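Asker: Sequence and predicted structure below; questions after.
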Amino acid sequence: MSAPSDPAASAGQAPAPSSASAASSSSGLTFKLHPLVIVNVSDHYTRVKAQAACSGDGSSSSGAAPGQPPRVFGCVIGVQRGRTVEIFNSFELVLDPISGTLDRAFLEKKQELYKKVFPDFYVLGWYSTGSDVQETDMQIHKALMDVNESPVYLLLNPAINLSQKDLPVTIYESELHVIDGSPQLIFVRSNYTIETVEAERISVDHVAHLKPSDGGSAATQLAAHLTGIHSAIKMLNSRVRVIHQYLVAMQKGDIPLDNSLLRQVSSLVRRLPAMESQKFQDDFLMEYNDTLLMTYLAMFTNCSSTMNELVEKINTSYERPATRRGGRGVFM
Amino acid sequence: MESLEALVAHIQGLSGSPEERAHLHGLLKQADGDSLRAHAAALVPFLAQLSPAAHSLGYLYLLEACVTSGANLSEFGGGDFLVTVADFLTSCSTDQIRLAPDKFLNVCRVLKDQVMQLNTPIRGIAPLRVAVRKIQASPEQLTPVHADYLLLCLLAKQYKAGLSVLEDDIFEVDQPKDLFLYCYYGGMIYIGLKKFAKALELLHNAVTAPMSSLNAIAVEAYKKYILVSLIQNGQVPSFPKYTSATAQRNLKNHAQIYVELSTCYGNGRYTELETFIESNAASFQSDNNLGLVKQVLSSMYKRNIQRLTQTYLTLSLEDIARSVQLDTPRDAEMHVLRMIEDGEIHATINQKDGMVSFHEDPEQYKSVEMVDHIDSSIQRLTALSKKLASIDENMACDPAYLLKTGRDRGGRFDYDDFDNAPHKYF
């Protein structure tokens, strides 16, 4: 399976100037995005990608060049109140790979179903995955215009970029701009904020942290949490060691003095919380002892249960039990 | 059979390297037996030629022949023979004597008998202590020498000397009788040192050890167990489920008055207990337990005062004296003071108005010593847990166990059975 940010992929998607999204939106609409939508889109994409990999990925559903990750499509639904567009939910759509058009019947049926459950929501636009906007997207966008006169286009970039700090989600609107003398519909980027309710936050958090194998029992979650903290502390430790080595080398004279770096280091050190007070020691030791006691208790329980099993075994093998309540009673 | 001189020459010559020693061992085994013992008297001058440290194996054989020959040992140069044996035990080399462990044990046994005969148990303590360490394959193994050594310590009233041997945890036991004796004597030593908690542990082991038929040591141990648990905890716990069925059924019958003593203690009235003890003093005395019983009596006060701490926050000394049935508030103050010093209760006595206020345990758990303490406990527990897990796996593969569980199921295997297998085989 090729990596999503493969040179072939980027060569395949020639940036089309007519759908370029260099401009930013001037419509003045505020977009609010719920995390559920992001999780849905990413889930859809992951599923399709996994299925394609499983089935030997000879043909990808979107007709893109082989070796490219498949594109997925779907609709986003929500509410528009005045100038605020709030995107609550999303569902998947079937795209006809040959003609590149959406399956209208499916869309209508889905819309009807969702209307029953969420009477307030209506189709606000559509979503897709990819690293950038493509030519064909405009057609789909135009096709959706009969459902919503100004749909939004949500693009999720599935490439995993560890250095990137923002979400790889962009929202585009369509605007009529005059280019080369003729009015054309182009995509313009819009800003958005993430909005959530408490219940949604909890469930998305839960879903996001689940390990695929164990399904999130309390023990694995605790272990995952502690592992996270442990690796964070390890990283902190190694960084501090690097700085320390650097300072020692500087002191010995191996490296030329760099005053600006020294100033930064000293300001960093001064920011550390004061750990010398007696109260801190007391509290720290008390908490440390509490954790140790809990570990002790856990070990005790473990040991007692092993001991119990051992005693059962010894009793069954070597003792003649005083009372026997029917054949299997004693051994259970 | 070689002549003695030739044998001695062999011993001197062949005690160098391990292969030579193996050869020597073979020779000695051949020469061993009644013929050697017959020459017992003649052996003594030869012993002088050999050095116990370098020629331990040969020395051991000759020595053992001497001591088991049945002749009166005092013939052998009077009390010096003890010195010879003691000397040998202290200076022999560990690997050599491990080649002939039973002979070594015989020698130790004879030493102990001799010392007891001469009524000077204290002479046997030092050599036997060294012997214990030398014959043990690992610090966790129990040997017959342990029991003998503890007996000598008890008779000589050198309780502290016994501590060094008692501190090791025992995990391997060869002879059940060794275990019973060890636990019983060890318990008595701890009682002598007033370390009742540890005494309780050892006596508990003696009472709950697996036994197919009742033995006298367990009965005596049970009597002391009742007394010590009354002193330490104020009540006698019921038998845990790992006690053998024989013990559960029979021990109580043999220790009837002690059981009655514990019920009387449970009622909490000092005078009743006193009268009960006096009426049965003769039987307690015949068991050599009267001293312990008197300690039970005095611990009654402590128990009652401790019960008071759970009800009251502050109490005057007169009230304490009244409820505990002491005579004067002065006695009450003395008792409370002693208990505070021993750490059994947490309280402060206000002498001005004669009030005692009881506190909670002042331990805040915020010291570094507590961290070390808990940490070391956790380490010990981890090691113990590993041991237990390995024993558990061994038991699961034990044929007796498999036979019992297999028979009950009638030979059918359902899916539940496969869960019992140790997981490392998956």
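Answerer: That came in fine, so what should we check first? Numbering: from 1, shown residues only, chains lettered A, B, ... in the order given.

Asker: Can you show me the helices along the stretch 301-426 of chain B?
Answerer: Ranges of helices in the stretch 301-426 of chain B, per DSSP state H, counting those that start in this stretch, are B:317-324, B:329-342, B:368-396, B:399-409.

Asker: Establish whether the helix ranked longest in chain A and chain B are in contact.
Answerer: Taking DSSP state H as the criterion, chain A has its longest helix at helix A:278-318. Yes - using C-beta under 8 Å from any C-beta of the partner chain, we find that helix A:278-318 touches chain B at A:281-283, A:285-286, A:288-290, A:292-293, A:295-296, A:299-300, A:302-303, A:306-307, A:309-311, A:313-318. (Glycine included, C-beta is placed from N, CA and C.)

Asker: Could you say which of the helices of the stretch 301-426 of chain B is packed most deeply?
Answerer: With neighbours defined as mean count of other C-beta atoms under 10 Å in any protein chain shown, the helices of the stretch 301-426 of chain B peak in mean count at helix B:317-324, which reaches a mean of 18.

Asker: what about A:V48, neighbour count?
Answerer: Using other C-beta atoms under 10 Å in any protein chain shown, A:V48 has 19 neighbouring residues.

Asker: tell me, how many neighbours does B:G26 end up with?
Answerer: Counted with other C-beta under 10 Å, B:G26 comes out at 10.

Asker: quick one: average pLDDT of the helix or strand containing it?
Answerer: Assigned by DSSP states H and E, B:G26 falls within helix B:18-31. Helix B:18-31 carries an average pLDDT of 75.

Asker: Likewise for stretch A:246-254?
Answerer: 85.

Asker: In chain A, which residue sits nearest chain B?
Answerer: A:S317 (3.9 Å; C-beta to the nearest C-beta).

Asker: Pretty sure that residue sits against B:G406.
Answerer: No - assessed by C-beta atoms under 8 Å, A:S317 is found out of contact with B:G406, at 11.4 Å.

Asker: Quick check on the residue nearest to A:L95 when sequence neighbours are not counted: phi, psi?
Answerer: Using C-beta to C-beta, 6 or more residues apart in numbering or on different chains and skipping residues adjacent in sequence, the residue nearest A:L95 is A:F73, 4.7 Å away. The phi and psi values for A:F73, taken as degrees, to the nearest 10, are phi -130, psi 150.

Asker: so A:F73 touches A:D96, yeah?
Answerer: No - look at A:F73 against A:D96 with C-beta under 8 Å: they stay out of range, at 10.4 Å.

Asker: So for these two, which residue has more residues nearby?
Answerer: A:F73 (20 against 12).

Asker: Identify the residues contacting that one.
Answerer: Going by C-beta atoms under 8 Å, 6 or more residues apart in numbering or on different chains, A:F73 touches A:E92, A:L93, A:V94, A:L95, A:L102, A:W126, A:Y127, A:S128, A:I140.

Asker: Most neighbours of all those residues, which one?
Answerer: Of the contacts of A:F73, with other C-beta under 10 Å as the count, A:Y127 tops at 27 neighbours.

Asker: Give me the sheet partners of the helix or strand harbouring it and which way each runs.
Answerer: A:Y127 is part of strand A:122-129, with elements assigned from DSSP H and E. Using DSSP bridges, strand A:122-129 pairs in its sheet with strand A:73-81 (antiparallel), strand A:152-156 (parallel).

Asker: Which residues does that strand contact?
Answerer: A:37, A:41, A:45, A:69, A:71-80, A:85, A:87, A:90, A:93, A:111, A:115, A:137, A:140-141, A:144, A:147-148, A:151-158.

Asker: swap the cut-off to 7 Å and go again
Answerer: A:41, A:45, A:71-78, A:80, A:85, A:87, A:90, A:111, A:137, A:140, A:144, A:147-148, A:151-156, A:158 (C-beta atoms under 7 Å, 6 or more residues apart in numbering or on different chains).

Asker: That strand: what's the following helix or strand?
Answerer: Sequence order places helix A:135-144 as the next helix or strand after strand A:122-129, per DSSP H and E.

Asker: List the buried residues of that next one.
Answerer: A:T136, A:D137, A:M138, A:I140, A:H141, A:A143, A:L144 (16 or more other C-beta atoms under 10 Å in any protein chain shown).

Asker: helix or strand for A:Q51, which one?
Answerer: Using DSSP H and E, A:Q51 maps to helix A:35-54.

Asker: Got the domain ranges for chain B?
Answerer: B:1-138, B:175-311, B:312-358 (the TED database).

Asker: closest one to A:P273 among the ones you listed?
Answerer: Checking the domains of chain B against A:P273 by C-beta to C-beta gives domain B:312-358 as the closest, at 35.5 Å.

Asker: for that closest one, how far is the first residue from the last?
Answerer: End-to-end span of domain B:312-358 (C-alpha to C-alpha, to the nearest Å): 7 Å.

Asker: now it: mean pLDDT?
Answerer: 83.

Asker: next one: stretch B:169-187
Answerer: pLDDT averaged over stretch B:169-187 gives 86.

Asker: Fine by me, we can end here.
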